[in-house]
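let me see the structure of the following:
(chains A and B)
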Number of protein chains: 2
Amino acid sequence: MTFEKLALVGTGMIGGSLALALRQAGRARRIVGYDRAAAALERARALGIVDEGAASAADAAAGADLVVLAVPVGATESVCRALAPGLGRAVLVTDVGSTKVEVLAAVERALPFPERFVGAHPIAGTERSGPEAATATLFRGRRCLLTPTAATLPSAREACAALWEAVGARVEVLDAAAHDQALALVSHLPHAAAFALAAAIGDAAGAGAPVAGLWGGGFVDTTRIAGSDPEMWRDIFLSNRDAVAAALARLGRELDALGRAIADGDGAALEALIARARTGRRRILEGER
Amino acid sequence: MTFEKLALVGTGMIGGSLALALRQAGRARRIVGYDRAAAALERARALGIVDEGAASAADAAAGADLVVLAVPVGATESVCRALAPGLGRAVLVTDVGSTKVEVLAAVERALPFPERFVGAHPIAGTERSGPEAATATLFRGRRCLLTPTAATLPSAREACAALWEAVGARVEVLDAAAHDQALALVSHLPHAAAFALAAAIGDAAGAGAPVAGLWGGGFVDTTRIAGSDPEMWRDIFLSNRDAVAAALARLGRELDALGRAIADGDGAALEALIARARTGRRRILEGER
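The predicted model follows:
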C-alpha cells in the first residue's frame, strides 16, 4: 500500500525518520509536515524530510490518507482536537508515542473515528532529538509495538503493521496496559535512573568535587540517555505515572539494600546483589517473547 | 626502562592487559604470573599473557624487579603479606585497584618498603573480566591515575609513570583521598545504579512482568556495567564506603525528587530535573582538569 499524502505532525527524530524511511520505501508520495516549532519544521523541509510545511496540523492533514502523530504524548489530545474537523473516514491515523493507555484515551475523546487510529511505539529512540537526528534506517530490525483495541478496524491495524514492516521494523501486537507496564520497567526506569545519576554527579561537580575528566566508560554509558529531550520525557513520566512510580519503588529498594550492605560491611549481601543484577540483565536481554 | 622480570599477581582483564601491553612495548622480558584461581592462571599462560605460572604470589615475585598487584582491592593486604618476606629493595610494586586510600594503608601495614609502592588506577575497565578479556591496547589514550604519597620515592614514582606511558596511558597524579572521592561519584555510583537497576528489572521479569524482548538501547547501555565482576565490586564498595554512601545519598535525593514530581504531576519540576541532568552530564564529559 502506498499513501498518496502523509501528514507528519511533529518533525523530530522519530517522526522525521519514519517520513524518510517511508519515502525511501516508496510508500509515501507526498509528505506535508507541521511542527509547532517553526524552526524545526523549516529544518525538516531543508533536510528533505517533508516536501512542504503547513501552517497548522489541520492544514497538514487536509486530504491526507495517512496522519502520523509524532509529538510528546501529552500533546496527543490537543493535536487530535485540532485535526478532528478535517479528517475523512478513509484516513489512517497512527502515532509513535512511548506510552499508550493515555494516548488511546485521548484519541477516544478527541478523534471522530478512533477505530481508524492504531497506537504504535517503535523501540528505536536514542538520546538525540530534532530533525537533524532523523535517519531512514532507524527502524530496521527494531521492534515496533502496536496496541490496537477491540474497537480498532482490522483494516487499519493491518495497514499500520504493513507500514512499519515496510520500514524494516518487526511488528508485535500488545495490550496497551501491558505495554505501559513493561516499558515502565525496561525504558522509563532506566531513563529515570540516568536522569537522577547525571543530575547527582553533575551537581556534585558543580559544587566543587574534582571529577572533571575522570569519567570512564561506565559513566558514559549509564548516563547516555540523560541527554534525552526534557519535554518528551516529562510527558512519558506523567502519562505512565503509576507504573513508573512502582518501578521507581523497586529501584529504591535495591539501592537501599545496596547502601545497607555497604554500611554493614556485608560482603556476601553485596556479591549476591551484584550477581543478581548480572542474571537479571541476561534475563531481559535473552528472554524470548 | 625495561623490567627483567614482571611478577603479575592476578591474571584478570586489567592485569592481563598490562602484561600484554608491557611485553608488546618491549618493557618486560619475562612475565611470571600467579592467580589464586588455577584455571585463570592456566588460561593466562595459554593466551601468552604470562610466560609461566607460579605456585604462589611469593614464588612469582622471587627475583622480580616489577610486581603488579591486580587483585580485588580487599585482597591487597594479604597479598602484600605473602610477598613481603621475599621482596628485595630494588623492586617496584604497583597495583591497578579502583580505590586507593585503603590500598595505601594496607601496603603501609604489610610491605617492608612501602616507599617503593606506587598506587595506580587505569580508568579503562569494562564489564568484562578474566584473562580472555585482556588486550594489549586497553590503556591507549586512557587516563591512569597515580597516587604517590609524601613517602613515595621519586624514582619509584617516575618508573611507574614511565611504565604506564609506555602502554599508551595518559598519567595524572592525584591525592588518594581526592581520587576516592571523585571515583565514588563518576564510577562507583554509576555501577551501584546499574546493579540496582538490573536487579530491580530482572526481578520484576522473574516475577512475571512481560518485559522479555522489549528492551531498547537505554536498557542496554544503562545496565552494561551490571555484568561486572561481583567480587571486585564488593571490594570497591567496601573499601570506599563513606564516599560511596554519600554518593548514594545524592542519587537517592534525585530519585525522590523525580518520584515526587511524578506523583504531584509537576511537569515543570520534571523538565527542570531532566535539563539539569543533561547539563550535568556535559559538565562531567567536557570538564577539563
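
name every strand pairing with whichever strand or helix holds residue A:32 and say which way it goes.
For residue A:32, the enclosing helix or strand under DSSP states H and E is strand A:28-34. Strand A:28-34 has the following strand partners under DSSP bridges: strand A:3-9 (parallel), strand A:52-53 (parallel).

near chain B, which residues of the stretch 1-150 of chain A?
A:74, A:123, A:124, A:125, A:126, A:142, A:143, A:145 (Cβ under 8 Å from any Cβ of the partner chain). (C-beta placed from N, C-alpha, C; glycine too.)

dump those to JSON lines, plus pLDDT and secondary structure.
Listed next are these as JSON lines, based on pLDDT from 0 to 100; DSSP: H, G, I helix; E, B strand; the rest coil:
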{"residue": "A:74", "pLDDT": "98", "secondary structure": "helix"}
{"residue": "A:123", "pLDDT": "96", "secondary structure": "coil"}
{"residue": "A:124", "pLDDT": "94", "secondary structure": "coil"}
{"residue": "A:125", "pLDDT": "85", "secondary structure": "coil"}
{"residue": "A:126", "pLDDT": "88", "secondary structure": "coil"}
{"residue": "A:142", "pLDDT": "96", "secondary structure": "coil"}
{"residue": "A:143", "pLDDT": "96", "secondary structure": "strand"}
{"residue": "A:145", "pLDDT": "98", "secondary structure": "strand"}
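
just name the closest of those residues to residue A:7, please.
Closest approach between the residues of the stretch 1-150 of chain A next to chain B and residue A:7, by Cβ to Cβ: residue A:74, at 20.1 Å.

so what's residue A:261 up against?
Listed by Cβ atoms under 8 Å, 6 or more residues apart in numbering or on different chains, the contact set of residue A:261 reads A:267, A:269, A:270, A:273, B:237.

could you say which of the strands paired with strand A:28-34 is packed most deeply?
The highest average neighbour count among the strands paired with strand A:28-34, using mean count of other Cβ atoms under 10 Å in any protein chain shown, belongs to strand A:3-9 at a mean of 24.

alpha carbons of the strand holding residue A:32, as PDB, please.
The C-alpha coordinates for strand A:28-34 follow below in PDB (Å, rounded to 0.1, in the frame of the first residue of the first chain):
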ATOM      1  CA  ALA A  28       4.600   7.900   0.700                       C
ATOM      2  CA  ARG A  29       4.300  10.000  -2.400                       C
ATOM      3  CA  ARG A  30       3.900  13.400  -0.800                       C
ATOM      4  CA  ILE A  31       4.800  14.400   2.800                       C
ATOM      5  CA  VAL A  32       3.400  17.500   4.400                       C
ATOM      6  CA  GLY A  33       4.700  18.400   7.800                       C
ATOM      7  CA  TYR A  34       3.700  20.500  10.700                       C
END
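
most neighbours among the contacts of residue A:261, which one is it?
Each of those was scored for neighbours by other Cβ atoms under 10 Å in any protein chain shown, and residue B:237 scores highest at 27 neighbours.

excluding sequence neighbours, find me the nearest residue to that one.
In space, and not counting its chain neighbours, residue B:237 is closest to residue A:262: 5.0 Å by Cβ to Cβ, 6 or more residues apart in numbering or on different chains.

quick check: the one you found touching residue B:236?
No - applying Cβ atoms under 8 Å as the test, residue A:262 and residue B:236 come out as separate, 10.2 Å apart.

dump the residues of the stretch 1-150 of chain A next to chain B into JSON lines; add neighbour count as well.
Formatted as JSON lines, the residues of the stretch 1-150 of chain A next to chain B follow (neighbours: other Cβ atoms under 10 Å in any protein chain shown):
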{"residue": "A:74", "neighbour count": "20"}
{"residue": "A:123", "neighbour count": "23"}
{"residue": "A:124", "neighbour count": "24"}
{"residue": "A:125", "neighbour count": "24"}
{"residue": "A:126", "neighbour count": "17"}
{"residue": "A:142", "neighbour count": "18"}
{"residue": "A:143", "neighbour count": "20"}
{"residue": "A:145", "neighbour count": "24"}
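
quick check, nearest of the residues you listed to chain B?
Minimum distance to chain B across the residues of the stretch 1-150 of chain A next to chain B is 4.3 Å, recorded for residue A:123 (Cβ to the nearest Cβ).

quick check: the closest one vs residue A:251, distance?
Relative to residue A:251, residue A:123 is positioned 21 Å away (Cβ to Cβ, to the nearest Å).

swap in residue A:19?
Going from residue A:19 to residue A:251 by Cβ to Cβ gives 36 Å.

same question, residue A:46
Counting by Cβ to Cβ, the gap from residue A:46 to residue A:251 is 42 Å.

what pLDDT does residue A:211 get?
Per-residue confidence (pLDDT) for residue A:211: 88.

and residue A:262 and residue B:236? which has more neighbours close in?
Higher neighbour count among residue A:262 and residue B:236: residue B:236, with 27 against 23, using other Cβ under 10 Å.

looks to me like that one is in a helix.
Yes - counting by DSSP: H, G, I helix; E, B strand; the rest coil, residue B:236 falls inside a helix.

surely it meets residue B:100?
No - Residue B:236 lies out of contact with residue B:100 (Cβ under 8 Å); the separation is 10.9 Å.

and the helix ranked longest in chain A, what's buried?
As assigned by DSSP state H, the longest helix anywhere in chain A is helix A:241-264. Under the neighbour-count criterion of 16 or more other Cβ atoms under 10 Å in any protein chain shown, helix A:241-264 has A:241, A:243-244, A:247-248, A:250-252, A:254-255, A:257-259, A:261-262 buried.

give me the mean pLDDT for it.
98.

then stretch A:152-172?
On average, the pLDDT along stretch A:152-172 is 98.

buried residues, it. List them.
In terms of neighbour count (16+ other Cβ under 10 Å), stretch A:152-172 has its buried residues at A:152, A:156-157, A:159-161, A:163-164, A:166-169, A:171-172.

go on, stretch A:16-26?
Buried residues in stretch A:16-26, counted by 16+ other Cβ under 10 Å: A:16, A:17, A:18, A:19, A:20, A:21, A:22, A:23.

possible to save the residues you listed as a markdown table with distance to residue A:195, secondary structure and pLDDT?
Formatted as a markdown table, these follow (distance: Cβ to Cβ, whole Å; DSSP: H, G, I helix; E, B strand; the rest coil; pLDDT from 0 to 100):
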| residue | distance to residue A:195 | secondary structure | pLDDT |
| --- | --- | --- | --- |
| A:16 | 24 | helix | 98 |
| A:17 | 23 | helix | 98 |
| A:18 | 26 | helix | 98 |
| A:19 | 29 | helix | 98 |
| A:20 | 29 | helix | 98 |
| A:21 | 29 | helix | 98 |
| A:22 | 32 | helix | 98 |
| A:23 | 34 | helix | 98 |
